[in-house]
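Peer 1: I'll drop the sequence and a predicted model, then ask my questions.
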Amino acid sequence: MTNADACRYTKSHEWAASAGDVVTVGVSDHAQKEITDVVFVDLPKVGRKVSKGEAVAVVESVKAAFDIYAPISGEIVAVNGELAKAPGLVNESPQDKGWFFRVKPANAGELGELMDAAAYDKFLKAGGH
């Protein structure tokens, strides 16, 4: 399981966890509670180059569709194929089995620009949506 305290977070509620030269991306527990009942996930293609802040995936729930944004720039090197068969993993295990994609960073410094867990918690308590 990805340690929530070791993750970096965006204001759009994505998390990013670095392991070696690859960053795994998913949505926070807060986000999955807002989305509720995920029924479909549209993932990016491996090899796609993405820019920080770019919409790269879509999550559909029973009530709406939500864009998932790249927290950093880089190249998509893996996607979580399990989400095609079991999109509910986003709700059940948002920071473990429900990850979306992995990025090889173009600029490792971008990860440091994201909020740490304490700053993200403060952002949420201040009404961050």
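Peer 2: Sure, I can see it.
Peer 1: Can you tell me the element the most centrally placed residue in the chain falls in?
Peer 2: When CA atoms, centre = their mean is applied to the chain, the residue found nearest the centroid is Gly26 (2.4 Å). Gly26 belongs to strand 22-27 when assigned by DSSP states H and E.
Peer 1: Quick check: next helix or strand after that strand?
Peer 2: Sequence-wise, the next helix or strand downstream of strand 22-27 (DSSP H and E) is helix 29-35.
Peer 1: on that earlier part again, so in terms of bridging, what pairs with the residue nearest to the centre of the chain?
Peer 2: Gly26 forms beta bridges with Trp15, as assigned by DSSP bridges.
Peer 1: ok, now which ones touch it?
Peer 2: Going by CB atoms under 8 Å, 6 or more residues apart in numbering, Gly26 touches 2, 14-15, 90, 94-95, 98-100. Bear in mind the C-beta positions are built from the backbone N, C-alpha and C, glycine included.
Peer 1: most surrounded residue in those?
Peer 2: Neighbour counts for the contacts of Gly26 peak at Trp15, which has 29 neighbours (criterion: other CB atoms under 10 Å).
Peer 1: Count the residues that sit near the nearest residue to Gly128 once chain neighbours are set aside.
Peer 2: Distance criterion CB to CB, 6 or more residues apart in numbering; nearest residue to Gly128, sequence neighbours excluded, is Lys11 at 6.3 Å. Residues lying near Lys11 (other CB under 10 Å) number 12.
Peer 1: do Leu114 as well
Peer 2: Using other CB under 10 Å, Leu114 has 19 other residues around it.
Peer 1: what comes up buried for the lengthiest helix in the chain?
Peer 2: Across the chain, the helix with the greatest residue count (assigned by DSSP state H) is helix 117-125. Buried residues in helix 117-125, counted by 16 or more other CB atoms under 10 Å: 117, 120-121, 123.
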